[in-house]
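Trainee: I'll drop the sequence and a predicted model, then ask my questions.
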Amino acid sequence: MREVAVIGVGMTRFGRYEDKSSIEHGVEVTQAALKDAGLGWKEVQIAYCGAAQQGMTPATRVLAGLGTTGIPFINVENASASGSTAFREAYLAVATGLYDIALALGVGKMGRAFALASSPEPAEFNLMKTMGSLQPASFFAMRMRRRMKEYGTSIDSLARVSVKNHRHAVYNPYAQYPKEVTLEEVHRARMICDPVTVLHLCPTGDGGAAAILCSKEKAEKYGARPLITVAASAFRTQVYSSKRHPSPDVTTVTAKEAYEQVGCGPWDMDLVQVHEAATVEEIDNYELLGFCNPGEGERLIDDGVTQIGGRIPFNTDGGLLARGHPIGPTGLAQIWETVMQLRGEAGQRQVEGARIGMAHMIGYEGVCIIHILKKRL
Amino acid sequence: MESYNNTQSSETGERKRVPIVEGLFTMPSSPDERPQLIGSRCKACGEVFCPKRLICAHCYEQDAEEVSLSGKGRLYTYTIIRAPVLGYQGPIPFVVGQIELPEGLTIQSILTGCEPEGLEIGMPMEITLGKLEEDEAGNEIVTYMFKPAVQ
């Protein structure tokens, strides 16, 4: 395997677009990433598109618009981890030496309501209905209530994750909700699934994000900017776990593999982007990624350790909660943010001296993908 | 008195009780009887699953037997769903929880028979049959639910 660099990134501001399709978002971000890389579309040799519930072959529908160059288009669907999967596959295409330049793209357009109807089969749908498991927010609500009981985590600590990530989003021009919220506003927002209010949850939305990957050797020729390389790419799915036969959480297993690839530990990171579809997930992930022991996660948010300016900033772009989560592009928005931070181009949300950053994504159900990007000095 | 006749012809005008899915729980034949969850037990490693599965998720052996679950357990966690849910026609808000069963698995269920304020993590729960929705003919679509256990 050879070293791979991320030489271009692009994204659209996440939000609700009445008059813009996911395909239009895809064209825009691909052109932005190509411009950022200083490349033409003709130079891309393979392309992966992450999308969920966007109709057939979104890759072709986006990329044929740029010109039919004859390269392979691969459509990737892994729920929330679709964009991260596209990035990983593009990475592998270059790392294995089969291609020199690959595009990873993600697009999404969602309605206001979202159900976990994972299958068109009525029997499968009815089973989910029977178990009361069609409302995604309910999983996070049940996890939150359990965590509060088990560890004594306070609703204030949980709400602080939303306050922090909304504050980070204020300085991200591509965030869906660049607006500060107070602890009181999080508590008093519309109740969705007790104790989860709407401000404990990520919004639905539309948008696109893209990255251009290139062999390090070739990337060095472009030269001018700090070179950002993929230091780790780890991908695991959850192993069966029960009371009698417990298995570690997939995030812990994937993180261990990623740290081993770099030869580092969690505290060597300068910044981290994690999947937090709800506030409780970010606190759980502090623990699952190895930043603290189980039950100690709330200390990191309470003490400001994970805010910009703290020892290890999490979700510097606002995270799923405030940057937004249109499913397909979300993992690539994390890559966009990490690249911006490592280049030192993140403006007012810049993490000083950022050299190494992690992007963690979860896909329904039990998919975990972690990438670690590093600035080459 | 409530009818427990599940196969009554619609000619009599009597409403039927129809299970939402087949093979997940038994239909009680009298009001005194509780439904039973139908699961499977891996003969190789003993792991129990509900819904039943042919291939064991733990040891991957394909040697399972059908088992009835006790239908009693403890409340692991719960929530009150207050927002509309796509594809769900029942009353809102409704309560959903996870029940730890003595067979070693946790099952998710709609909770009934109690105000949400009366629920507490760890409390004993037991299975019951409940109406989820009605079809066009007015038949009751029913499913298993859990309620606080009678002490």
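Mentor: On my side now, so go ahead.
Trainee: could you check how far B:P116 is from B:G97?
Mentor: 10 Å (CB to CB, to the nearest Å). Where you see a C-beta, it was placed from the backbone N, CA and C, and this is true even at glycine.
Trainee: identify the contacts common to the two.
Mentor: Shared contacts of B:P116 and B:G97 (CB atoms under 8 Å, 6 or more residues apart in numbering or on different chains): B:Y78.
Trainee: these two - which one has more neighbours?
Mentor: B:G97 (26 against 14; other CB atoms under 10 Å in any protein chain shown).
Trainee: now the more buried one, nearest residue through space, not along the chain?
Mentor: B:Y78 (3.3 Å; CB to CB, 6 or more residues apart in numbering or on different chains).
Trainee: for chain A, where's the lowest mean pLDDT among helices and strands?
Mentor: Here the helix or strand of chain A ranked lowest by mean pLDDT, DSSP states H and E is helix A:122-130, holding a mean of 81.
Trainee: buried residues in it?
Mentor: A:125-130 (16 or more other CB atoms under 10 Å in any protein chain shown).
Trainee: so how far is it off the chain centroid?
Mentor: Offset of helix A:122-130 from its chain centre (CA atoms, centre = their mean, to the nearest Å): 29 Å.
Trainee: after it comes which helix or strand?
Mentor: Next along the chain after helix A:122-130, taking DSSP states H and E as the criterion, comes helix A:136-151.
Trainee: please compute how far that following helix lies from its chain's middle.
Mentor: The answer for helix A:136-151 is 22 Å, by CA atoms, centre = their mean.
Trainee: does that helix reach chain B?
Mentor: Yes: counting by CB under 8 Å from any CB of the partner chain, chain B has neighbours in helix A:136-151: A:137-138, A:141-143, A:145-146, A:149.
Trainee: one more: stretch A:47-54?
Mentor: No: using CB under 8 Å from any CB, stretch A:47-54 stays clear of chain B, coming no nearer than 12.2 Å.
Trainee: contacting residues around A:L373?
Mentor: A:L373 makes contacts with A:6, A:228-231, A:335, A:338-339, A:342, A:356-359, as judged by CB under 8 Å, 6+ apart.
Trainee: ditto for A:A359
Mentor: If a contact means CB under 8 Å, 6+ apart, then A:A359 has A:84, A:272-273, A:331, A:334-335, A:337-338, A:370-373 as its contacts.
Trainee: now B:L24
Mentor: Shown in contact with B:L24 (CB under 8 Å, 6+ apart): A:127, A:130, B:37-38, B:50-51, B:144.
Trainee: please enumerate the strands of the stretch 1-150 of chain A.
Mentor: Assigned by DSSP state E, counting those that start in this stretch, the stretch 1-150 of chain A shows strands spanning A:4-11, A:46-50, A:73-76, A:101-109.
Trainee: now chain B
Mentor: In chain B, the segments counted as strands under DSSP state E are B:17-19, B:38-42, B:48-49, B:64-68, B:72-81, B:94-100, B:106-111, B:124-134, B:140-148.
Trainee: counting by contacts, list what the longest one packs against.
Mentor: The reference is to strand B:124-134. In terms of contacts (3 or more CB pairs under 8 Å, 6 or more residues apart in numbering or on different chains; DSSP states H and E), strand B:124-134 is packed against strand B:72-81, strand B:106-111, strand B:140-148.
Trainee: could these be laid out in TSV, adding mean pLDDT and distance to A:Q176?
Mentor: Below are the helices and strands packed on strand B:124-134 laid out as TSV (pLDDT from 0 to 100; distance: least, CB to CB, whole Å):
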stretch	mean pLDDT	distance to A:Q176
strand B:72-81	97	24
strand B:106-111	96	30
strand B:140-148	95	37
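Trainee: with mean neighbour count added, can I get these in a markdown table?
Mentor: As requested, those are arranged in a markdown table below (neighbours: other CB atoms under 10 Å in any protein chain shown):
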| stretch | mean neighbour count |
| --- | --- |
| strand B:72-81 | 22 |
| strand B:106-111 | 22 |
| strand B:140-148 | 22 |
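Trainee: show me the one of those strands that comes nearest B:A57.
Mentor: Among the helices and strands packed on strand B:124-134, the nearest to B:A57 by CB to CB is strand B:106-111 (13.5 Å).
Trainee: which residues are contacting the closest one?
Mentor: With contacts defined as CB under 8 Å, 6+ apart, strand B:106-111 is touched by A:130-133, A:243, B:37, B:50, B:73, B:76, B:78, B:94-101, B:119, B:125, B:130, B:132, B:143-147.
Trainee: now A:Q53: how far from chain B?
Mentor: Applying CB to the nearest CB, to the nearest Å, the value for A:Q53 to chain B is 12 Å.
Trainee: what's near enough to touch that residue?
Mentor: By CB under 8 Å, 6+ apart, A:Q53 lies in contact with A:110, A:327.
Trainee: look up how far A:T204 lies from it.
Mentor: 11 Å.
Trainee: same thing with A:A33?
Mentor: A:A33 sits at a distance of 24 Å from A:T204 (criterion: CB to CB).
Trainee: out of those two, which sits in the busier spot?
Mentor: Taking other CB under 10 Å, A:A33 and A:T204 do not tie; A:A33 has more neighbours (27 against 18).
Trainee: show me where chain B dips below the pLDDT cut-off.
Mentor: For chain B, applying pLDDT under 70 flags the ranges B:1-13.
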